[in-house]
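*Asks:* my questions concern the predicted model and sequence given below.
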Amino acid sequence: MLKERIRIGILMGGQSAEREVSLASGCNLVEILDRTKYEVFPIEVGEDSKWYLHHIDAPLLNSRSAIGREVPTGKSYTPPAAQHSELVTARVMRSRIDVLFLALHGPGGEDGTIQGFLETLAIPYVGSGVLASALTMDKVRCKVFLRASGLPTPEWVSFSRSEWLAGSADLVEEVLDRFPGGCVIKPNDQGSSVGMSVLGPAEDPTAAIQEALGFSGEILVERRIHGREFTCGVYGSEMPEALPVTEIRSTRTFFDYEAKYQPGGAEEITPAEIEDSLAAEIQSLAVRAHGVFGCAGITRTDFLLDESGPTILEINTIPGMTRMSLIPRACVAAGIEFETILDRVIGEALFRDQLVPAAG
């Protein structure tokens with residue numbers, strides 16, 4: 001039996017390269033959730049892996065959690081002060097909350113790790129489950145699954161750090177031969193374009209591969225598509241619905257970390273200025289991807305469009321929830337209160353066992 005207000009924990013922070021983005025997403029959720037419906041518990045996963053329950057007037061929640069222009073590296077970590085937070089464990093929080101809203105980004109947050117941990121403790125959570133999270137975060141396996149499901153995705157090759165060390169010259173030759181028109185190089189398990197490079201025709205991929213391998217033990221090399229970039233949000237487990245399509249016009253070479261989180265980094269047009277039939281096709285592909293992976297909560301699927309049509313780049317199972325993020329802005333364009341969607345996915349998380357997930 002639920003209490004008068006739903007007790008909801010917002011889990012944010014973590015140890016990934018997207019920590020700043022996660023904190024900004026979490027703090028925004030803490031701010032906008034309706035206090036007449038929810039009793040909110042802001043929980044930071046520290047870089048020391050400990051859980052800190054912040055008081056509602058804590059500095060973290062009032063700092064507006066600025067996101068830097070570059071991926072933070074090598075910064076020292078200072079745990080929150082005792083007067084502003086309480087050191088807790090997941091087992092302790094299980095008795096104090098009804099549901100967790102996952103705002104963790106990157107490895108440890110979107111890859112099924114935290115989801116599996118919460119499953120073992122029987123703590124309900126908002127978002128996709130273990131399998132969907134693991135498959136979509138692993139870019140190589142995600143593309144294999146997309147292809148097997150009949151969904152379009154660009155051609156690719158992948159290799160590990162050990163394969164690179166054993167035969168880098170052969171791999172460089174293979175990349176140049178396979179992708180004469182240029183390629184995109186990504187770490188296999190990062191988000192927010194962390195460690196990603198976009199190369200032109202015949203451009204030496206060595207430095208980009210080494211950069212990507214600095215973030216992951218496996219990398220994805222994908223055919224570069226010269227076309228327009230779109231993204232589409234989907235929400236819900238049972239009968240999921242698509243939000244309006246957004247076109248992204250980056251002011252940089254591509255929609256990188258800075259372009260995503262700094263003002264003026266990209267022009268984001270919602271709804272996209274495209275034919276209704278194309279918008280419907282992109283929305284249909286996004287809903288299908290959401291369904292075939294068995295996703296829940298809110299997802300965002302990224303696309304590129306060329307003369308052959310839209311093709312799926314990846315599916316994000318915990319998209320950004322910052323003030324600048326695409327999902328909240330798409331809700332505005334659709335005439336839907338973002339809080340209404342949050343209410344729906346929180347309710348679905350609480351009663352997940354009674355829902356019938358949509359098939360792709």
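*Replies:* Thanks, I have it. Predicted, not measured: the structure shown is a model, and the values here were computed from it.
*Asks:* can you name the residues that contact Cys232?
*Replies:* Counting by CB atoms under 8 Å, 6 or more residues apart in numbering, Cys232 touches 242-246, 282-283, 285-286, 300-301, 303. (Glycine included, C-beta is placed from N, CA and C.)
*Asks:* tell me how far the helix or strand where Arg147 lies lies from the chain's centre.
*Replies:* Applying DSSP states H and E as the criterion places Arg147 in helix 139-148. Using CA atoms, centre = their mean, to the nearest Å, the mean C-alpha position of helix 139-148 is found 17 Å from that of the whole chain.
*Asks:* list the buried residues in that helix.
*Replies:* Buried positions in helix 139-148, judged by neighbour count with 16 or more other CB atoms under 10 Å: 139-140, 142-143, 145-146.
*Asks:* what ranges do the helices span in the chain?
*Replies:* Residue ranges of the helices in the chain, as given by DSSP state H, are 19-32, 59-62, 90-94, 113-121, 130-137, 139-148, 161-178, 206-213, 257-261, 276-292, 326-334, 338-350.
*Asks:* these: lowest mean pLDDT?
*Replies:* Among the helices of the chain, helix 257-261 carries the lowest mean pLDDT, a mean of 49.
*Asks:* so the nearest residue to His226 once chain neighbours are set aside bridges to which residues?
*Replies:* Once flanking residues are discounted, His226 sits nearest to Asp306: 6.6 Å by CB to CB, 6 or more residues apart in numbering. Judged by DSSP bridges, the bridge partners of Asp306 are Gly309.
*Asks:* and Asp306, how many residues sit next to it?
*Replies:* As a burial measure, Asp306 scores 12 neighbours (other CB atoms under 10 Å).
*Asks:* so what's it up against?
*Replies:* By CB under 8 Å, 6+ apart, the contact set of Asp306 is 225-227.
*Asks:* partner residues bridging Glu241?
*Replies:* Following DSSP bridges, Glu241 is listed with bridge partners Tyr235.
*Asks:* what sits against it?
*Replies:* Neighbour list for Glu241: 234-235, 287 [criterion: CB under 8 Å, 6+ apart].
*Asks:* run the last query once more with 10 Å
*Replies:* By CB atoms under 10 Å, 6 or more residues apart in numbering, the contact list for Glu241 reads 233-235, 283, 287, 290, 334, 336, 341, 344, 358.
*Asks:* report the buried members of those residues.
*Replies:* Using 16+ other CB under 10 Å as the threshold, 233-235, 283, 287, 290, 334, 341, 344, 358 are the buried ones among these.
*Asks:* and which of those residues is nearest Ala169?
*Replies:* Nearest to Ala169 among the buried ones among the contacts of Glu241 is His290, at 41.0 Å by CB to CB.
*Asks:* out of everything not next to it in sequence, what's closest to that closest one?
*Replies:* Val234 (4.3 Å).
*Asks:* gap between the one you found and Ala334?
*Replies:* From Val234 across to Ala334, the span is 12 Å (CB to CB, to the nearest Å).
*Asks:* list the residues that contact both of the two?
*Replies:* 241-243.
*Asks:* with distance to Ile318 and pLDDT as added columns, please give those in TSV.
*Replies:* Below are the shared contacts of Val234 and Ala334 laid out as TSV (distance: CB to CB, whole Å; pLDDT from 0 to 100):
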residue	distance to Ile318	pLDDT
Glu241	18	96
Ala242	18	98
Leu243	16	97
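*Asks:* give me the pLDDT for the closest residue to Ala208 other than its chain neighbours.
*Replies:* Distance criterion CB to CB, 6+ apart; nearest residue to Ala208, sequence neighbours excluded, is Ser197 at 3.5 Å. Ser197 carries a pLDDT value of 94.
*Asks:* then Met12?
*Replies:* 96.
*Asks:* beta partners of it?
*Replies:* Beta-bridge pairing for Met12 (DSSP bridges): Glu44.
*Asks:* could you pull up the residues touching it?
*Replies:* Listed by CB under 10 Å, 6+ apart, the contact partners of Met12 are 19, 21-30, 42-45, 54, 60, 65, 101-105, 109, 321.
*Asks:* just Glu203 next, same as before
*Replies:* Residues in contact with Glu203, defined by CB under 10 Å, 6+ apart, are 175-176, 179, 182-183, 197, 224.
*Asks:* with Glu174 instead?
*Replies:* Neighbours of Glu174 in contact, by CB under 10 Å, 6+ apart: 157, 159, 167, 205, 221.
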